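Chemist: Okay, predicted coordinates and the sequence, questions at the end:
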Amino acid sequence: NEQLPRGSSSSGFSKSSKGVQKRRETKVAKGVADALQKQGFKRVSNLQEFEKRQKSVLPVILEPNAYAVFKYGESLFLTDAACPPYKFPLTDASVTLNDEGQVVVEEPLTGSVFDLATGNPLTWCPNSGFNPVRAVFGALKKQEQPENLKTYEVRIAEDGQIWGKLP
């Protein structure tokens, strides 16, 4: 029996059994990945990317398309990366909870607000207020019918990988 120095502890695994445990975890992750792929999901990113970026929006490029993963609390949302009115990127958008309890994203240039769960526009290019840029964008889109932000089903695997059901 191997003796541990005073004050140290053992995980209960020898070096060789730790390797076996790691291979099992890899097999489980591979099995989950295979199952998700069979259901039409594609690997988008991982949760560690949010920690690295320290933002609630994660841009993702999967040629030829661009997507955005939004994090609010423990919830993740996956959408197209461009805001419908003018196709501005949502990488600098703010994610909040509105008065109705919906997690929403606000595109900073136009002020358009979308429900992240459904993609429904809640505010479409407002042209009121003191922001002259938003006033111009709002005036140009005043007669247009609002469009939904495309949303996609998202899953998080146990290993922190983020998967989306993408076209």
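Modeler: Thanks, I have the structure now. Bear in mind the structure is a predicted one, so any value in this text is a computation, not a measurement. Numbering: from 1, shown residues only.

Chemist: what pairs with the most centrally placed residue in the chain across the strands?
Modeler: The C-alpha lying nearest the average C-alpha coordinate of the chain belongs to Val69 (CA atoms, centre = their mean; 1.9 Å). Following DSSP bridges, Val69 is listed with bridge partners Leu58, Leu78.

Chemist: Okay, now the unreliable bits of the protein?
Modeler: 1-29 (pLDDT under 70).

Chemist: about what we covered before: how far away is the residue nearest to the centre of the chain from Lys42?
Modeler: Noted for Val69: a distance of 12 Å to Lys42, by CB to CB, to the nearest Å. Every C-beta, even on glycine, is put in place using the N, C-alpha and C of the backbone.

Chemist: so who does the residue nearest to the centre of the chain touch?
Modeler: Val69 makes contact with 44-45, 57-58, 60, 76-78, 154, 162, 164 under the criterion CB atoms under 8 Å, 6 or more residues apart in numbering.

Chemist: how about a cut-off of 10 Å?
Modeler: Neighbour list for Val69: 44-47, 49-50, 56-60, 76-79, 81, 152, 154, 162, 164 [criterion: CB atoms under 10 Å, 6 or more residues apart in numbering].

Chemist: List only buried entries from the residues you listed.
Modeler: With burial judged by 16 or more other CB atoms under 10 Å, the buried subset of the contacts of Val69 is 44-47, 49-50, 56-60, 76-79, 81, 152, 154, 162, 164.

Chemist: Among these, name the ones in helices.
Modeler: Using DSSP state H, the members of these that fall in helices are 49-50.

Chemist: still on that earlier bit, shared neighbours of Val69 and Lys42, anything?
Modeler: The contact sets of Val69 and Lys42 overlap at 60, 152, 164 (CB under 10 Å, 6+ apart).

Chemist: just checking, which of those belong to strands?
Modeler: The strands, defined by DSSP state E, take in 60, 152, 164 from the shared contacts of Val69 and Lys42.

Chemist: For the helix or strand encompassing Ala66, buried residues please.
Modeler: For Ala66, the host element (DSSP states H and E) is strand 65-72. Across strand 65-72, burial judged by 16+ other CB under 10 Å covers 67-71.
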